[in-house]
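**Student:** Need coordinates for the below:
(one chain, ligands or ions: 2)
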Amino acid sequence: MNKAIKSLRGFNDVLPQDSHLFNKTLRTLEDILEKYCINEIRTPYLESTALFARGVGEATDIVEKEMFSFTTNDQESVSLRPEGTAGAMRACIEHGLSYNQEQRLYYFGPMFRYERPQKGRYRQFHQLGVEILGIRDPGLEAEVLLMNAEFWKALGISEYITLEINTIGTSEARANYGKALVSYLETYKEQLDADSQRRLTSNPLRILDSKDEKTQAVLANAPVLEDFLDQESKDYFETLKEILTANGLDFVVNPKLVRGLDYYNDTVFEWTTTKLGAQATVCAGGRYDRLVEILGGHATPGFGFGLGYERLLLLLEEVHGKQEAPHAQVFIINDGKVQAQSLKIALELRAAGIKVLNNLAGGKLKKQFAKADKSGAPQVIIVNEELVAQGQVNVKHLATGEQETVSLDTLVSKLKA
Ligand code: ATP
Ligand code: MG
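**Tutor:** Ligands and ions are numbered 1, 2, ... in the order given. Reported below is the predicted structural model:
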């Protein structure tokens, strides 16, 4: 036998026993998106590297070290998309969907990041993202967050997920704060972790995100962003909080929340859980009013989020346990001489909306019954030459062992009852 080839590290298969939950959950979310009149946009998995360098930011973890980039035969630098916003904005600009209009968009699909694989962190993972363009208003932001809350409610995980929000103000406010932060941190440079030392010059706000304990200890007395915000940003954030409260949505203000991507301003948020260890953020997003312009379009306000789909599925499994795909409702066995009639019956039952497994492999009756048992179907239909000749079949109810002869005319109504 040849040595089998394995999948790449961090690239997962979704096996048949898991795809039911995968698909059902997506349907639940898409049904809600439809009610909010948010339409799907599908963009390529491969884009020009420059798109992400510009759109995500040169000094972010993603662009610095997490992209799958390569040079094509004609010497073009391309990357597998590490996130969905840049591509969606590129498409909107390219097709004239962003200028002077409102757009409500979502995307779903695989993203690729070269990270150290662990539970809830993979190299290919899925995101469902929403991008709302052309509206700068706390009311819109509240609506999106309330829609998120509707997701969790529909999936039965509301009590296991918490909304954290913050405002990071304008880019000027952040630049001023960045200077103050750097001048404070310079004094303690030796106590910072290596990444944070590097970020002193490239992206100081990201230091707030550091998971290093010593760095966090230094940060305890650092200047806070709030003191650098202008009145407009503060008022905007206050209004958002008021609308959320008026709609009964609980939240926690986390002043250290800055988000890893460069393009955010004002509102940022994360939905976090305590059920998934270090990979606690299930869904994250914020306002990005400069991104479209950065990518070469006309200035267009934007607000959106990315939801880590695998983390959501892990949380669902954590809360509800493993969910099996639904069984067949009916298993059909036959005596080997009435294949054509078995097929016809199966077709009729399926047309009536009944889930049918038809045993087409033949075999001894006892073996066929064993298969029926294993299938989990509660009812078995036995088709044989003698009964079919009289327009009848036998129906066996596996739970009670009861068996009855049913005429084909009444089979559907009998099974549905
Ligand atoms: P983290 O801090 O966990 O690395 P992030 O800030 O890099 O997250 P975003 O770029 O905001 O994440 O992506 C949005 C969501 O996508 C995250 O909140 C998370 O749920 C999910 N996500 C991000 N990276 C991965 C990954 N490598 N594997 C699985 N899910 C991921
Ligand atoms: Mg990350």
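**Student:** For the stretch 201-350 of the chain, what lies in contact range of ligand 1?
**Tutor:** 260, 279, 281, 282, 284, 306, 308, 310, 311 (C-beta under 6 Å from any ligand atom). Every residue, glycine included, has its C-beta placed from N, CA and C.
**Student:** which pair in the residues you listed spans the largest distance?
**Tutor:** Farthest-apart pair in those is 260 and 310; separation 18.1 Å (C-beta to C-beta).
**Student:** Name the residue in the two with the higher neighbour count.
**Tutor:** residue 310 (20 against 15; other C-beta atoms under 10 Å).
**Student:** what sits against that one?
**Tutor:** Contacts of residue 310 were listed using C-beta atoms under 8 Å, 6 or more residues apart in numbering, and they are 12, 120, 122, 125, 126.
**Student:** Using ChimeraX, define a selection of the buried residues within those.
**Tutor:** The ChimeraX command for the buried members of the contacts of residue 310 (criterion: 16 or more other C-beta atoms under 10 Å) is given here:
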select :120,122,125,126
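**Student:** Would you mark the buried spots in stretch 228-235?
**Tutor:** Buried residues in stretch 228-235, defined by neighbour count with 16+ other C-beta under 10 Å: 228, 229, 233.
**Student:** Kindly reformat those residues as TSV and extend each row with secondary structure, pLDDT and distance to residue 316.
**Tutor:** Shown next, in TSV, are the buried residues of stretch 228-235 (DSSP: H, G, I helix; E, B strand; the rest coil; pLDDT from 0 to 100; distance: C-beta to C-beta, whole Å):
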residue	secondary structure	pLDDT	distance to residue 316
228	helix	94	40
229	coil	95	37
233	helix	95	36
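**Student:** Sort out which one of those lies nearest ligand 1 for me.
**Tutor:** residue 233 (21.3 Å; C-beta to the nearest ligand atom).
**Student:** confidence score at the residue of the chain found nearest ligand 1?
**Tutor:** With C-beta to the nearest ligand atom as the measure, residue 308 is the residue of the chain nearest to ligand 1, at 2.1 Å. In this model, residue 308 is scored at 98, pLDDT.
**Student:** repeat for residue 261
**Tutor:** Residue 261 is assigned 69 on the pLDDT scale.
**Student:** filter the contacts of residue 310 down to the ones near ligand 1?
**Tutor:** Restricting those to those near ligand 1 by C-beta under 6 Å from any ligand atom leaves 120, 122, 125.
**Student:** before we move on, the earlier item: could you flag which of the residues of the stretch 201-350 of the chain next to ligand 1 are buried?
**Tutor:** By neighbour count, with 16+ other C-beta under 10 Å, those hold 279, 281, 282, 284, 306, 308, 310, 311 as buried.
**Student:** Show the contacting residues for the residue nearest to residue 111 when sequence neighbours are not counted.
**Tutor:** Nearest residue to residue 111, sequence neighbours excluded (C-beta to C-beta, 6 or more residues apart in numbering): residue 127, at 5.2 Å. Counting by C-beta under 8 Å, 6+ apart, residue 127 makes contact with 83, 84, 107, 108, 109, 111, 306, 307, 308, 309.
**Student:** at 10 Å what do you get?
**Tutor:** 81-85, 107-111, 283, 305-311 (C-beta atoms under 10 Å, 6 or more residues apart in numbering).
**Student:** Kindly give a single ChimeraX line that selects the buried subset of those.
**Tutor:** With 16+ other C-beta under 10 Å as the criterion, this ChimeraX line picks the buried residues out of the contacts of residue 127:
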select :81,82,83,84,85,107,108,109,111,283,305,306,307,308,309,310,311
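**Student:** taking the contacts of residue 127 one by one, which sit in helices?
**Tutor:** 85, 309, 310, 311 (DSSP state H).
**Student:** Look up how far residue 354 lies from the first one.
**Tutor:** For residue 85, the distance to residue 354 under the criterion C-beta to C-beta, to the nearest Å works out to 43 Å.
**Student:** before we move on, what about the last one?
**Tutor:** Between residue 311 and residue 354 the distance is 36 Å, computed by C-beta to C-beta.
**Student:** residues near residue 365, how many?
**Tutor:** Taking other C-beta under 10 Å as the criterion, the count of residues near residue 365 is 13.
**Student:** next one: residue 290
**Tutor:** 18.
**Student:** show me where pLDDT drops low in the chain?
**Tutor:** 260-262 (pLDDT under 70).
**Student:** now the end-to-end length of stretch 26-44.
**Tutor:** End-to-end distance for stretch 26-44: 20 Å, by C-alpha to C-alpha, to the nearest Å.
**Student:** in the helix or strand hosting the residue nearest to residue 111, what's buried?
**Tutor:** Following DSSP states H and E, one finds residue 127 within strand 124-133. Within strand 124-133, the residues that qualify as buried are 124, 125, 126, 127, 128, 129, 130, 131, 132, 133, counting by 16+ other C-beta under 10 Å.
**Student:** and stretch 13-24, is it in reach of ligand 1?
**Tutor:** No: figure legend: stretch 13-24 not in contact with ligand 1 (C-beta under 6 Å from any ligand atom); closest approach 13.5 Å.
**Student:** switch to numbering from 2
**Tutor:** Okay, residue one is now 2; in that scheme the one you just asked about reads as stretch 14-25.
**Student:** what about the residue nearest the centre of the chain, distance to residue 43?
**Tutor:** Among the residues of the chain, the one closest to the centroid is residue 310, at 2.7 Å (C-alpha atoms, centre = their mean). Distance of residue 310 to residue 43, given as C-beta to C-beta: 16 Å.
**Student:** what do you get for residue 280?
**Tutor:** Using C-beta to C-beta, we find residue 280 at a distance of 27 Å from residue 43.
**Student:** Check residue 394 too.
**Tutor:** 46 Å.
**Student:** Neighbour count: those two, which is higher?
**Tutor:** Higher neighbour count among residue 394 and residue 43: residue 394, with 23 against 11, using other C-beta under 10 Å.
**Student:** can I assume that one is in contact with residue 383?
**Tutor:** Yes: here residue 394 reaches residue 383: they are 6.3 Å apart, a contact under C-beta atoms under 10 Å.
**Student:** what touches both of those two?
**Tutor:** Common neighbours of residue 394 and residue 383 (criterion: C-beta under 10 Å, 6+ apart): 333, 335, 343, 406.
**Student:** which of those residues count as buried?
**Tutor:** Looks like the shared contacts of residue 394 and residue 383 have 333, 335, 343 buried, using 16+ other C-beta under 10 Å.
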